[in-house]
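K.L.:
A predicted structure for the sequence below; I have some questions about it.
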Amino acid sequence: MKALVIGAGPAGLMAAEALADAGFAPVVAEARPSPARKLLMAGKSGLNVTKDEPLPDFAAQYDAAWLAPMLAEFGPAQVQQFCQALGQPVFTGSSGRVFPVAMKGSPLMRAWLARLAGKGVDLRTRWRWAGFADGGLAFDTPGGAAVLRPAVTVLALGGASWPRLGSDAAWVPWLRAQGVPVTDFAPANAGLVVHWSPHMTRHFGQPVKGACLIAGDQRERGEFVISAKGLEGSGIYALTRALRLGAGLALDLFPDLDADALRARLARAKPGDSAANRLRKLGLPPASVALVMEMARPLPADLAALLKALPIRHAGPRPLDEAISSAGGIARAGLTDALELRALPGVFAAGEMLDWEAPTGGYLLTASWATGLWAGRAAAARLAGPGRA
């Protein structure tokens, strides 16, 4: 066997296609009964494949500058071309997020799997990697134990979020035992734990729109939802890294007004108005009023200052297995520029098992595809030999 890819998510399948295009059709080993389960699950509510914005702005959303050349090879423009080539036209929403017209991930995956099969890619489901053994890679398969000894391997096993769909990080101790540096996983793009008082129950499921969220030096304009467990939504997810590292959270409920303008509005209130009525007359919806009353009773004399920086008491991000993605993974120091593991020549890695972090909004999927393509091409170049890449 010349080439093996372990993991049939977006990164693994992209690596497999790159190998096949170079003439080295690989075996793809997937532990689950079907490929790309996380992508398909995420796509049920609308598959956000990328964000249509200039590449420098796009790349700046990642905490890993070393991804830049990979995103330059396969960034927002290439993602859209990729989808269209599979017969899946895309459209850009008002936020810049890009979706297939079909919205779901399943039509895209069916077309892609058919194209991969036509290129000779051998997809083997229920092939679970079990670590290293006998000078090769051990697998538990429907036909029993097997050991494969490919010339090159691309690992695309995902991070540590959504373990029920296959990203369980079982590979971490095996790679560490081989001398590969792997940083511990932590939740990314996760909800925030808030312990509510009983009066918040009637607001569960209500969105809060138009606010600016502040965590340390980071400010994000975004929407979030009050839930039984705390706060959820893209506005919160974008701040997960800062919150995970200990930053406090505050809300600017009137980001388009300065404090003096807000004080002027408050001054028009009737002397007998209750605090809740004063807030409602400012135009705050019931969910936002409830947040203010939950977090800041009794209200201070300078209500405008509070509404410009309402402190949110929280207990940190939700657990890792509830996060959309994970931070941590194979450290950059353990990789060559080609995404080859320094400790394991001939073994490459891609996708969310690498140590990078980004917000939702198409960034996660684009980088998984981009690193898969990069690793697959590098593995093919190694097979081709010096001067033949």
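P.N.:
Yes, it's here.
K.L.:
so where do the strands sit in the stretch 101-250 of the chain?
P.N.:
122-125, 128-133, 136-141, 144-148, 152-155, 182-188, 192-193, 207-208, 212-215, 218-221, 224-226, 230-232, 249-252 (DSSP state E, counting those that start in this stretch).
K.L.:
Deepest-packed of those strands, please.
P.N.:
Across the strands of the stretch 101-250 of the chain, the average number of neighbours (mean count of other Cβ atoms under 10 Å) peaks for strand 152-155, which reaches a mean of 28. Quick note: C-beta positions are derived from backbone N, CA and C, even for glycine.
K.L.:
where does residue 332 sit relative to residue 355, distance-wise?
P.N.:
Using Cβ to Cβ, to the nearest Å, residue 332 is found at 6 Å from residue 355.
K.L.:
who touches both of those two?
P.N.:
Residues touching both residue 332 and residue 355 (Cβ atoms under 8 Å, 6 or more residues apart in numbering): residue 64.
K.L.:
quick one: which of these two has more around it?
P.N.:
Taking neighbours as other Cβ atoms under 10 Å, residue 332 and residue 355 compare with residue 355 leading, 23 against 17.
K.L.:
What are the structural domain limits within the chain?
P.N.:
The chain breaks down into these domains under automatic domain parsing: 3-187+321-384, 192-312.
K.L.:
any idea which of these is most buried?
P.N.:
Ranked by mean neighbour count, those are led by domain 3-187+321-384 with a mean of 20 (mean count of other Cβ under 10 Å).
K.L.:
before we move on, the earlier item: could the strands of the stretch 101-250 of the chain be laid out in CSV, adding distance to residue 362?
P.N.:
Shown next, in CSV, are the strands of the stretch 101-250 of the chain (distance: least, Cβ to Cβ, whole Å):
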stretch, distance to residue 362
strand 122-125, 25
strand 128-133, 29
strand 136-141, 32
strand 144-148, 34
strand 152-155, 23
strand 182-188, 15
strand 192-193, 22
strand 207-208, 21
strand 212-215, 20
strand 218-221, 16
strand 224-226, 19
strand 230-232, 19
strand 249-252, 25
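K.L.:
least reliable of those going by mean pLDDT?
P.N.:
Note on the strands of the stretch 101-250 of the chain: lowest mean pLDDT is at strand 218-221, with a mean of 93.
K.L.:
what helices or strands is that one leaning on?
P.N.:
Applying 3 or more Cβ pairs under 8 Å, 6 or more residues apart in numbering; DSSP states H and E, one finds that strand 218-221 makes contact with strand 212-215.
K.L.:
ok, now with 10 Å
P.N.:
The contact analysis (3 or more Cβ pairs under 10 Å, 6 or more residues apart in numbering; DSSP states H and E) places strand 218-221 against strand 212-215, helix 234-237, helix 240-244, strand 249-252.
K.L.:
If anything else comes up later, I'll come back, but that's it for now.
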